[in-house]
Structure formats: C-alpha cells, structure tokens
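Engineer: following is a predicted model, sequence given first.
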Amino acid sequence: MRWIYIINIINSIIFMEKLLIFALVITTVFSVFKILEMKYLEKDMKPLKFVIRDAVIVFVSSFATLSINSMFGGNMQDFMNVITDTKTLDAVNTQVFTGEPGF
C-alpha cells in the first residue's frame with residue numbers, strides 16, 4: 001500500500017509542474033508585452049524592479065487561479081475550452097432519453 005501513496009505523490013508533482021509551467025508562460029508573455037509597452041508606446045523606461053513586481057503579481061495570481069480551478073475538479077482541457085470558447089460535448093454528462101415515453 002505504500003507504493004500507491006508514492007505514486008499519488010508523483011502524480012501530484014507532475015500535475016503541479018504543469019500548473020507551474022503554464023503560470024510561467026503567462027508571466028513571460030505578460031513581461032514581454034510590458035517591456036514592449038514601456039519601450040515603444042510610453043517611450044519611458046521605468047525601473048526594472050516595477051516590471052519584476054508586476055510579473056510576480058501576475059505569476060502568483062495565475063498560479064492561484066489554476067490551482068483553485070484544479071481543486072474544484074476542473075482539468076486543464078476544460079480551462080482552455082473556456083478561454084478559447086470551444087464548444088465541447090461531454091458524453092458522460094450529456095444524457096439523452098431515446099426510449100419509448102411512459103405516458
């Protein structure tokens with residue numbers, strides 16, 4: 001039974017790694033756009049500590065959002081379907097009555 005516990009820990013680590021990578025991608029994209037905005041649109045380069053502060057806030061909020069989503073039974077595919085507005089049908093949850101009516 002101890003090996004089942006170890007397997008569950010490994011699965012949790014792999015799942016957390018996916019969340020961390022996705023949060024890092026979000027943070028990287030934000031940071032790049034923030035630097036481009038300062039350089040080309042505002043024409044005023046602010047100190048790098050402000051960009052890092054904003055990036056940390058984005059990382060924490062995106063990781064917290066992804067973690068909360070996973071705690072409530074959502075998976076990454078469902079999360080991405082909501083973001084991309086992809087219409088999907090879940091065969092397990094979508095039940096249709098196809099028999100003879102009882103009236």
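Structural biologist: Thanks, I have the structure now. Residues are numbered from 1 along each chain as shown.

Engineer: what helix or strand is I52 located in?
Structural biologist: Here I52 is covered by helix 48-71, with elements defined by DSSP states H and E.

Engineer: just the buried residues of that helix, please?
Structural biologist: By neighbour count, with 16 or more other CB atoms under 10 Å as the criterion, the buried positions of helix 48-71 are V51, A55, V58, F59, S62, F63, L66, N69, S70. Using the backbone N, CA and C atoms, a C-beta is placed for each residue, glycine as well.

Engineer: show me which of these is closest to F97.
Structural biologist: When these are compared for distance to F97, the smallest value, 31.9 Å, is given by N69; criterion: CB to CB.

Engineer: from F50, how far out is the spatially most central residue of the chain?
Structural biologist: When the chain is reduced to its mean C-alpha position, the closest residue under CA atoms, centre = their mean turns out to be L66, at 4.2 Å. Remark: distance between L66 and F50 (CB to CB, to the nearest Å) = 25 Å.

Engineer: and the helix of greatest length in the chain, what's buried?
Structural biologist: When the chain is parsed with DSSP state H, its longest helix is helix 2-36. In terms of neighbour count (16+ other CB under 10 Å), helix 2-36 has its buried residues at L19, F22, A23, I26, T27, F30, S31, K34.

Engineer: correct me if wrong: the last one contacts V51.
Structural biologist: When you say that, I think you mean K34. Yes. Using CB atoms under 8 Å, K34 and V51 qualify as a contacting pair, with a distance of 5.6 Å.

Engineer: quick one: low-confidence ranges for this structure?
Structural biologist: Residues of the chain meeting the criterion pLDDT under 70: 1, 74-80, 82-83, 86-94.
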